[in-house]
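**Student:** Fold the following.
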Amino acid sequence: MKYCNFAYMLYNYVDMKNFFIKYILILSLVVFCICCKKIPVNNKDVTSVDVDSFPILMDHIRNYSRMYTTEYKVHKIITHDDQLKLQGKLISKSFDVNIPLGQRKIAIPIDATIKGYIDFSLFSDNNVKRSDGKIEIILPDPKFEITSSRIDHDAIINYVPLFRSDFTDKELSSYEQQGRQAIVKSIAKMGIIEQARISAANVLIPLISQFGYEKKNIKITFREDLNEYDMNKLIVIKEISNETK
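**Tutor:** A predicted model of the protein is given here:
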């Protein structure tokens, strides 16, 4: 009988101990859940420092330094003709008569390479407008280089009548210079400024979008008053080669 009572008491003790263990575990779980609710889960609360990435973006853009945006191959034929004339006065009357077979003609082919680039070395905060999640990049003025110009002397065509002298080197040099100036004037009509803007946008928009701006909120422009009349200031003519092809 004594053994039965002892076994019964031991069973009750073990059962009570298990009850307390379960109670403590449940209580601990409840306390843990309550504490978790107090921990901030908002991303703004978790981030201790809100870093302004704009200066980093500016550094990335300035690192482009000279960004080449366009390249054009231009072939132009410069023509010139002059007519030998007889001028003077006869019996107090002036006369100006073309001499038959006195007209010289020449055609000079010129091949030129034009490259456009944007210099970001002086890019600053003044080139950027930001508001309401939108950003506008005002590009520095583009520059255009005539990096090479070749006169194909073997392809020059000229006609010199029997009674006329050949074109002199000085005359040829003058005609060639006229050809280069004609190429410079034609650049403005090529749409090269807009092409430079598009090329720059294709590079800058993916970069800027990595800094949190939506592509639809990114605008790439030149200054509003930039136009074809500024081309003479934007063109750099390097040393010209007159090599024969």
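**Student:** buried stuff in stretch 52-60?
**Tutor:** Using 16 or more other C-beta atoms under 10 Å as the test for burial, stretch 52-60 gives 57-58, 60. All C-beta atoms are positioned from the backbone trio N, CA, C, and that covers glycine.
**Student:** with these in mind, which one is nearest to residue 216?
**Tutor:** When the buried residues of stretch 52-60 are compared for distance to residue 216 (C-beta to C-beta), residue 57 wins out at 17.7 Å.
**Student:** Distance of the spatially closest residue to that closest one that is not a sequence neighbour relative to residue 63?
**Tutor:** Using C-beta to C-beta, 6 or more residues apart in numbering and skipping the chain neighbours, the partner closest in space to residue 57 is residue 211 (5.0 Å). Here the criterion is C-beta to C-beta, to the nearest Å. By it, residue 211 lies 14 Å from residue 63.
**Student:** neighbour count winner among the two?
**Tutor:** residue 211 (13 against 10; other C-beta atoms under 10 Å).
**Student:** Surely that one and residue 52 touch.
**Tutor:** No: the criterion here is C-beta atoms under 8 Å, and residue 211 misses it with residue 52 at 10.3 Å.
**Student:** Just the element for the residue nearest to residue 57, please.
**Tutor:** Remark: residue 211 resides in no helix or strand, with elements defined by DSSP states H and E.
**Student:** Which helix or strand lies directly C-terminal to the least confident helix or strand in the chain by mean pLDDT?
**Tutor:** Within the chain, no helix or strand scores below helix 43-46, which has a mean of 39 by mean pLDDT, DSSP states H and E. Elements were assigned by DSSP H and E; along the chain past helix 43-46, the next helix or strand is helix 54-62.
**Student:** residues touching the residue nearest to residue 57, list them.
**Tutor:** Under the criterion of C-beta atoms under 8 Å, 6 or more residues apart in numbering, the contact list for residue 211 reads 53-54, 56-57.
**Student:** number of nearby residues for residue 180?
**Tutor:** 18.
**Student:** which non-adjacent residue is nearest it?
**Tutor:** Sequence neighbours aside, residue 149 is the residue nearest to residue 180 in space, at 6.1 Å (criterion: C-beta to C-beta, 6+ apart).
**Student:** Could I get the pLDDT score of the one you found?
**Tutor:** We have a pLDDT of 79 for residue 149.
**Student:** Direction included, what does the stretch of helix or strand it belongs to pair against?
**Tutor:** Assignment of secondary structure by DSSP H and E places residue 149 within strand 143-151. Using DSSP bridges, the neighbouring strands of strand 143-151 in the sheet come out as strand 93-119 (antiparallel), strand 235-237 (parallel).
**Student:** What's opposite the nearest residue to residue 72 once chain neighbours are set aside in the beta bridge?
**Tutor:** Nearest in space to residue 72, with sequence neighbours left out and distances taken as C-beta to C-beta, 6+ apart, is residue 114 at 4.4 Å. According to DSSP bridges, residue 72, residue 146 are recorded as the beta-bridge partners of residue 114.
**Student:** I'd guessed residue 114 sits against residue 75; true?
**Tutor:** No: Residue 114 is beyond contact range of residue 75, at 11.8 Å (criterion: C-beta under 8 Å).
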